[in-house]
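Sequence unavailable; structure follows:
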Ligand SMILES: [Zn+2]
């Protein structure tokens with residue numbers, strides 16, 4: 001398979017679309033190949049079903065223009081960082097050979113998000129260990145970047161996604177079973193509240209404001225950035 005330059009992991013189908021897909025769209029526009037790996041099928045969601053979520057993920061993939069999407073089906077509501085799961089995730093990384101990986105922030109209300117984040121972090125490192133044998137050859141991505149879900153962090157940087165915002169919204173809206181639908185008789189959840197999308201947009205606008213853009217996506221990177229020329233990097237923007 002041709003390499004996927006930017007590979008995003010989501011604990012459930014829709015997590016990447018809700019928090020980080022503007023950056024995927026922007027990277028696709030810049031000529032990079034983009035992909036998403038869902039760790040679970042989202043079958044424990046209060047609304048919808050596994051089949052509905054799979055069809056919604058397919059529709060969202062088309063809107064984003066993904067070059068790759070897979071679902072490891074590791075068990076919604078019981079996702080754990082185990083040796084077996086690490087092998088499955090690291091083999092996806094080796095098959096895709098990403099330059100950069102996006103991962104959910106590990107401090108989160110949902111246990112799948114915390115466990116999935118730890119699992120992907122471990123797999124990212126172990127994918128580069130040649131003594132760990134799987135179907136594909138060892139590969140280590142250049143960086144692991146975290147995106148926020150329910151809990152915040154102070155961003156290491158923000159990507160301006162103002163021009164990508166409408167398409168990101170369209171991709172997230174493919175998960176119709178999860179969002180507000182006045183006709184629905186299913187049990188109400190936070191995500192199905194009529195306010196949910198306003199909260200998502202409010203946060204994107206807050207991150208945008210930090211960099212003087214209308215909408216932004218925040219990322220945290222543990223790796224220290226090497227900078228050769230701080231004047232070139234930071235000197236262009238007054239204030
Ligand atoms: Zn989730």
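Received, thanks. Keep in mind the model is a prediction, meaning the values are calculated, not measured. Residues are numbered from 1 along each chain as shown.

could you pull out the helices for this structure?
Counting by DSSP state H, the segments of the chain that form helices are 15-19, 21-29, 50-64, 83-96, 111-126, 165-173, 196-210, 230-234.

Out of those helices, which one sits most buried?
Relative to the other members of these, helix 15-19 carries the highest mean neighbour count by mean count of other CB atoms under 10 Å, namely a mean of 26. All C-beta atoms are positioned from the backbone trio N, CA, C, and that covers glycine.

Packing partners of that one?
strand 6-10, strand 100-104, helix 165-173 (3 or more CB pairs under 8 Å, 6 or more residues apart in numbering; DSSP states H and E).

Not counting its neighbours along the chain, what's nearest the residue of the chain found nearest the ion?
Closest approach between the chain and the ion, counting by CB to the ion: residue 12, at 3.7 Å. Leaving aside its chain neighbours, residue 12 sits nearest to residue 42 (4.3 Å; criterion: CB to CB, 6 or more residues apart in numbering).

Tell me how far that neighbour lies from residue 133.
Computed as CB to CB, to the nearest Å, the residue 42 to residue 133 distance reads 31 Å.

In terms of neighbours, single out the busier of these two.
A count of neighbours by other CB atoms under 10 Å puts residue 42 above the other of residue 42 and residue 133, at 28 against 11.

Check that one and give its pLDDT.
Looking at residue 42, its pLDDT stands at 88.

contacting residues for it?
Counting by CB atoms under 8 Å, 6 or more residues apart in numbering, residue 42 touches 12-14, 48, 50, 53, 76.

Check the residues you listed and tell me the two furthest apart.
The most widely separated members of the contacts of residue 42 are 14 and 50, with 13.0 Å between them, by CB to CB.

in stretch 99-110, what's buried?
Neighbour-count burial for stretch 99-110, counted by 16 or more other CB atoms under 10 Å, picks out 100-106, 108, 110.

Establish whether it and the ion are in contact.
No. Using CB under 5 Å from the ion, no contact is recorded between stretch 99-110 and the ion, whose separation bottoms out at 5.6 Å.

Centre of the chain to that stretch, how far?
7 Å (CA atoms, centre = their mean, to the nearest Å).

Residues in contact with stretch 113-125: which ones?
With contacts defined as CB under 8 Å, 6+ apart, stretch 113-125 is touched by 9-11, 15, 39-40, 79-82, 85-86, 89-90, 93, 101, 103-108, 140-141, 144, 146, 149-150.

swap the cut-off to 7 Å and go again
When contacts are defined by CB atoms under 7 Å, 6 or more residues apart in numbering, stretch 113-125 is touched by residues 9, 11, 39, 79-81, 85-86, 89-90, 93, 101, 103-106, 108, 141, 144, 149.

swap in stretch 62-81?
Residues lying outside stretch 62-81 but in contact with it, judged by CB under 7 Å, 6+ apart, are 4, 11-13, 21, 24-25, 28, 33-44, 57, 61, 85, 88-89, 92, 96, 112, 115-116, 118-119, 122, 167, 170-171, 174.

Repeat the analysis, applying 6 Å as the threshold.
Under the contact criterion CB atoms under 6 Å, 6 or more residues apart in numbering, stretch 62-81 has outside partners 4, 21, 24-25, 28, 33-44, 61, 85, 88, 112, 115-116, 118-119, 170-171.

helices or strands up against the lowest-mean-pLDDT helix or strand in the chain?
Comparing every helix and strand of the chain by mean pLDDT, DSSP states H and E singles out helix 230-234 as the least confident one, with a mean of 90. For helix 230-234, there is no helix or strand it packs on, judged by 3 or more CB pairs under 6 Å, 6 or more residues apart in numbering; DSSP states H and E.
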